[in-house]
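**Student:** show me how the following folds:
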Amino acid sequence: MKVSKLAANLIGSEIVKIGNEVNDLKAKGAEIANLTIGDLNSNIYPIPAKLKEEIQNAYQNNLTNYPPANGLLSLRKEVSKDLKTRWNLDYSPNDILITAGSRPLIYAVYKTIVDEGDKVVYPIPSWNNNHYAYLTSANAVEVKTTPENNFLPTADDLRPHLEGAVLLALCSPLNPTGTMFTKDQLSEICELVLAENKKRGEDEKPLYLMYDQIYSNLTFGSEHVDPVSLFPEMKEYTVYIDGISKCLAATGVRVGWGFGPVHIMDKMKALLTHVGAWAPKPEQEATAKYYENPDDVNAFVEDFKGKLEASLKVLHAGIQDLKGKGLTVDSIEPMGALYLTIKLDYIGKTKPDGTVIENSSDLVFYLINEAGVALVPFSAFGEDKSEPWFRASVGGLAIDEIEVMMPKLEKALNDLK
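**Tutor:** Just a heads-up that it's a prediction; the model follows:
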């Protein structure tokens, strides 16, 4: 049966494909250490008790009709105050758009800025930019990054590609790597964006920067940096992506917010009225109430990120232990988010049954079946399947589960010849 060209050529999520395999095996009784999804086991990491209470109160009070198209004013006011207190960013409630998590915001940024054939620049690996570029028929320019730079793009990497581009998409801390920009790294990139915009005429579309900082509160020791704090003149070119999904362990609560130039935010709001991507009104009301007490927010975040950091350190130490034993593995010390970047250099090796691990996907499914360990290859984030790098998300496992899986991973890798 015929469908649209867009639908016919749409590529499904490799992460979902791996997740389906994991779920099928679990249904058959297999024990799988699922390090794939950027989600949280809500029994290990529940949302704040006071936030849950406020959500329940909102439903009891029948706040179940439509919210305003750009979000409840009470929530936008609290977000505005939090941005000022936390990052010293001055954005009024009218500059802020509330949606059902960050995905509608990212889609709306692309659809609001990018015309068919427009150049969009983003690094690889990065989350879903390849799919959003496809959905907007953009001319996607993928900038390959290196482990030496923690898989973050440098100004030198980006410089050859920004001429004529309308959107640069960046994320810090980065999904999938858990690494983040330093002040100097981001400053050099912002200087490129400003210099490129100075070349543009009044009738030309600017080069905008989409800055996804959904993990900004989950950093370990390093300080989160953002474009407008570094260069106030970046304010007219920067659209931020943020929300509670990660920092409050609230991935399923679906409250995200974007903020940026009001003419962009207004068009994003208009677009999303036709999509209906609002965060539910009770959850908006509850989030506004919860943010009225910033000490509660900060206390939860500090405790939560401490637990994530502890899990990531255990996983990182486990990989480094395997490296010390002579296995061809490595990992990058985590800086933020939920993720550890792991190198498993076993592509081309032979499995015990005589078949060859031809690419990173083969290795993923081998480890699922033989070690009960599920990872996401960087090919799910735009890299080639020949790359031996993988994302491990610790949000779904307790520390003892990570410790139990390491000997199984070691044995499965040692069985490859």
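**Student:** doesn't Thr391 lie inside a strand?
**Tutor:** For the record, residue 391 is Arg, not Thr. Yes. Counting by DSSP: H, G, I helix; E, B strand; the rest coil, Arg391 is located in a strand.
**Student:** ok, and the closest non-adjacent residue to it?
**Tutor:** Of all residues not flanking Arg391 in the chain, Pro176 sits nearest, at 3.7 Å (CB to CB, 6 or more residues apart in numbering). All C-beta spots, glycine's among them, are computed from the backbone N, C-alpha and C.
**Student:** what's the mean pLDDT across stretch 270-278?
**Tutor:** The average pLDDT for stretch 270-278 rounds to 95.
**Student:** then stretch 236-255?
**Tutor:** Here stretch 236-255 scores 98 as its mean pLDDT.
**Student:** quick one: buried residues of that stretch?
**Tutor:** Of the residues in stretch 236-255, 237-251, 253-255 count as buried by neighbour count, 16 or more other CB atoms under 10 Å.
**Student:** what's the span of that stretch, first residue to last?
**Tutor:** From its first residue to its last, stretch 236-255 covers 25 Å (CA to CA, to the nearest Å).
**Student:** from the chain's centroid, how far away is that stretch?
**Tutor:** 10 Å (CA atoms, centre = their mean, to the nearest Å).
**Student:** one more: stretch 267-279?
**Tutor:** Distance of stretch 267-279 from the chain centroid (CA atoms, centre = their mean) equals 21 Å.
**Student:** go on, stretch 201-208?
**Tutor:** Here stretch 201-208 is found 28 Å from its chain centre; the criterion is CA atoms, centre = their mean.
**Student:** need the residues that contact it.
**Tutor:** Residues outside stretch 201-208 that contact it (CB atoms under 8 Å, 6 or more residues apart in numbering): 109, 113, 118, 162, 165-168, 193, 196-197, 200, 236-239, 264.
**Student:** give me the mean pLDDT for it.
**Tutor:** Average pLDDT, stretch 201-208: 95.
**Student:** what comes up buried for it?
**Tutor:** Buried, per 16+ other CB under 10 Å, within stretch 201-208: 207-208.
**Student:** try stretch 381-397
**Tutor:** Here stretch 381-397 shows 381-383, 385, 387-397 as buried, counting by 16+ other CB under 10 Å.
**Student:** of the contacts of stretch 201-208, buried ones?
**Tutor:** 109, 113, 118, 162, 165-168, 193, 196-197, 237-239, 264.
**Student:** what about those, which are in helices?
**Tutor:** The members of the buried ones among the contacts of stretch 201-208 that map onto helices under DSSP state H are 109, 113, 193, 196-197, 264.
**Student:** nearest spatial neighbour of the residue nearest the centre of the chain, chain-adjacent residues omitted?
**Tutor:** Among the residues of the chain, Asn175 comes closest to the average C-alpha position under CA atoms, centre = their mean, at 4.1 Å. Once flanking residues are discounted, Asn175 sits nearest to Trp127: 4.3 Å by CB to CB, 6+ apart.
**Student:** thinking again about what came up before, my read is that the residue nearest to Arg391 contacts Thr341, right?
**Tutor:** Yes. Pro176 lies in contact with Thr341 (CB atoms under 8 Å); the separation is 7.2 Å.
**Student:** show me which of these two is the more surrounded one.
**Tutor:** Pro176 (29 against 25; other CB atoms under 10 Å).
**Student:** for that one, which residues are in contact?
**Tutor:** Listed by CB under 8 Å, 6+ apart, the contact partners of Pro176 are 125-127, 339, 341, 376, 378, 380-381, 391.
**Student:** return the subset of these lying in strands.
**Tutor:** 339, 341, 376, 391 (DSSP state E).
**Student:** any idea how far Thr328 is from the second one?
**Tutor:** Counting by CB to CB, to the nearest Å, the gap between Thr341 and Thr328 amounts to 15 Å.
**Student:** same thing with the third one?
**Tutor:** Separation of Val376 from Thr328 (CB to CB) stands at 19 Å.
**Student:** what of Gly201?
**Tutor:** Between Gly201 and Thr328 the computed distance is 53 Å (CB to CB).
**Student:** kindly report the domain assignment for the protein.
**Tutor:** The chain resolves into domains spanning 5-45+299-415, 49-293 when parsed by the TED database.
**Student:** mean pLDDT per helix and strand in the chain: which one sits at the bottom?
**Tutor:** Counting by mean pLDDT, DSSP states H and E, the weakest-scoring helix or strand in the chain turns out to be helix 14-27, with a mean of 85.
**Student:** just the buried positions in the top helix by length along the chain, please.
**Tutor:** Ranked by residue count and defined by DSSP H, the top helix of the chain is helix 294-324. For helix 294-324, burial by neighbour count (16+ other CB under 10 Å) applies to 297, 300-301, 304-305, 308-309, 311-316, 318-319, 322.
**Student:** biggest separation within those, which pair?
**Tutor:** Within the buried residues of helix 294-324, Val297 and Leu322 form the most distant pair, 37.8 Å apart (CB to CB).
**Student:** Val376 and Thr328: who's more crowded?
**Tutor:** Neighbours were tallied for Val376 and for Thr328 using other CB under 10 Å; the higher tally belongs to Val376 (25 against 14).
**Student:** what sits closest to that one if chain neighbours are left out?
**Tutor:** Nearest non-adjacent residue to Val376 (CB to CB, 6+ apart): Arg391, at 4.5 Å.
**Student:** repeat that for Asn139.
**Tutor:** Using CB to CB, 6+ apart and skipping residues adjacent in sequence, the residue nearest Asn139 is Lys119, 4.7 Å away.
**Student:** contacts only, for that neighbour.
**Tutor:** For Lys119, the contact set (CB under 8 Å, 6+ apart) comprises 138-139, 141, 161, 164-166.
**Student:** tell me where the stretch 1-150 of the chain has helices.
**Tutor:** Using DSSP state H, counting those that start in this stretch, the helices assigned to the stretch 1-150 of the chain run over residues 5-8, 14-27, 49-60, 73-87, 103-113, 129-135.
**Student:** the fifth one - what's its average pLDDT?
**Tutor:** The one in question is helix 103-113. If you average the pLDDT over helix 103-113, you get 98.
**Student:** same check, this time on the third one
**Tutor:** Over the span of helix 49-60, the pLDDT mean works out to 98.
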